[in-house]
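> Sequence first, predicted coordinates after that:
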Amino acid sequence: MNVYRNWFLASRPWSFSMTAISVSVGSALAAIDGAFSWGLYTLALASAVLLHAATNLINDYYDVKNGVDTVEAATAQYRPHPIVEKRIPAGQVLWVAYGLFALAALIGIYLAVACGWPVFWIGIVGLLAGLMYTAPPLKYKYVALGELSVFLMWGPLMVEGAYYVQRRVFDPEAFWISLPFGILVALVLLANNIRDIEHDRSKEIRTLAILLGRRFGLAAYLSLMVLAYVGVVFLALSGILTLWVFLILITMPLAVKLLRQMIQDVPADADAQTAKLDTAFGILLVASLVLESLIG
């Protein structure tokens, strides 16, 4: 049982909530517009989660191989890291990751045949983004492009993709609604990179936090979090979302508390705490869309 547990932990299942939220947002928006299939929703979610799990595995594999993730790294201090801890064979990680990518691709191909070939191209972009995150030849996480990729993947790409699976069209409103949550997901990585500035610099990699420096990195973190909340208010006032979305403002005390903590002293689990905020924000966003669909 320990073997299965170690593989499960290596996939970082706690991060899948963000994927579930992005797919659910796109699907809920489609339901509001008149079309929803539980079967298509389940397949889209399964494909996205498998892709996320594969990306997590391959990311950790190359972070360990490139000497970025070590026993001394902050990441390995607050969460299980079976690859660093040598509780699973590093040589098998790539094969398992490729297997998960293949399963995600098979589901994606079925959805493309059933719903339209734009789904195929969305899947290709997601697959390449996951593969090349820390893997050669691009390794774009190491050249300060990680936050941009995360924003695009968990924001417009995943939300619009889920919407398209249900409706067979893209929707401008789904694009705008995807932006606040995509920003918050990107902040998980930015928080991680602000915490790890000195460690990452010692490994001779570049992140957005290193380019900005600690002071301006924190300023960007603060500004983008405020922008996410302002964006939700704007979407409500402009009529793109209904007033149900103001439920999200319940999370503001959590956001303020996190911002104060980041400014005072970036915690070791800064990314995990940001992810908790994302999850609360995202669940309430989905809930507001469901209420809009049911009540109006």
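Right, received. Where do you want to start?
> okay, CA-based contacts and neighbour counts for the rest of this
Will do.
> I83 against V64, yeah?
Yes. Applying CA atoms under 8 Å, one finds I83 in contact with V64, separated by 7.5 Å.
> Tell me which of these two has more neighbours.
Neighbours per residue, other CA atoms under 10 Å: of I83 and V64, the larger number sits with I83, 25 against 16.
> The closest residue to L157 other than its chain neighbours and V143: what is the separation?
Nearest non-adjacent residue to L157, counting by CA to CA, 6 or more residues apart in numbering: I122, 6.9 Å away. Using CA to CA, to the nearest Å, one obtains 23 Å as the distance from I122 to V143.
> Compare those two and say which is more crowded by neighbours.
Neighbour tally, I122 and V143, criterion other CA under 10 Å: the higher count belongs to I122, 17 against 14.
> What number of residues are in the vicinity of R215?
Neighbours of R215 (other CA under 10 Å): 12.
> tell me the pLDDT at it?
Looking at R215, its pLDDT stands at 95.
> In contact with it, which residues are there?
By CA atoms under 8 Å, 6 or more residues apart in numbering, the contact set of R215 is empty.
> Confirm that it sits in a strand.
No. Membership of R215 in a strand is not supported by DSSP: H, G, I helix; E, B strand; the rest coil, which gives helix.
> Residue numbering should commence at 40 henceforth.
In the new count, where the first residue is 40, that last one comes out as R254.
> Low-confidence stretches in the stretch 90-239 of the chain?
When residues are selected by pLDDT under 70, those of the stretch 90-239 of the chain lie in 112-113, 115-117.
> now do 80
Along the stretch 90-239 of the chain, segments meeting pLDDT under 80 span 109-120.
> where do the helices sit along it?
For the stretch 90-239 of the chain, applying DSSP state H, counting those that start in this stretch gives helices covering 113-117, 129-154, 157-170, 185-191, 197-206, 211-234, 236-241.
> And the longest one, how far out from the chain middle?
When distances are taken as CA atoms, centre = their mean, to the nearest Å, helix 129-154 is centred 18 Å away from the chain's centroid.
> What of the third one?
The chain centroid and the centroid of helix 157-170 are separated by 15 Å under CA atoms, centre = their mean.
> again with the fourth one
Relative to the mean C-alpha coordinate of its chain, helix 185-191 is positioned 8 Å out (CA atoms, centre = their mean).
> Output that helix as CSV - backbone C-alpha positions only.
C-alpha atoms of helix 185-191 as CSV (Å, rounded to 0.1, in the frame of the first residue of the first chain):
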residue,chain,number,x,y,z
GLY,A,185,6.0,29.7,-15.6
GLU,A,186,3.5,32.2,-14.3
LEU,A,187,2.3,33.2,-17.8
SER,A,188,1.8,29.5,-18.8
VAL,A,189,-0.1,28.7,-15.6
PHE,A,190,-2.3,31.7,-16.1
LEU,A,191,-3.1,30.8,-19.7
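> so what secondary structure elements neighbour it?
Contact partners of helix 185-191 among helices and strands, from 3 or more CA pairs under 8 Å, 6 or more residues apart in numbering; DSSP states H and E: helix 211-234.
> For the helix it packs on, which residues meet the burial criterion?
Using 16 or more other CA atoms under 10 Å as the burial criterion, the residues of helix 211-234 that qualify are 213-234.
> try stretch 287-297
I287, T290, L293, A294, L297.
> and of those, the nearest to D99?
The closest of these to D99 turns out to be L297 (CA to CA; 26.0 Å).
> from memory that closest one sits against A314, does it?
No. Applying CA under 8 Å, one finds L297 not in contact with A314, separated by 10.9 Å.
> re the thing from before, which members of the buried residues of stretch 287-297 are positioned in helices?
Judged by DSSP state H, helices contain the following of these: L293, A294, L297.
> Spit out the contact partners of the nearest residue to N232 once chain neighbours are set aside.
Taking CA to CA, 6+ apart, and ignoring the residues beside it in sequence, N232 has A248 as its nearest neighbour in space, at 5.7 Å. A248 makes contacts with A183, L229, N232, I233, I236, G256, as judged by CA under 8 Å, 6+ apart.
> Would it be right to say that A248 lies in a helix?
Yes. Counting by three-state DSSP, A248 falls inside a helix.
> Return the distance of it relative to G185.
As it turns out, when the distance is counted by CA to CA, A248 lies 11 Å from G185.
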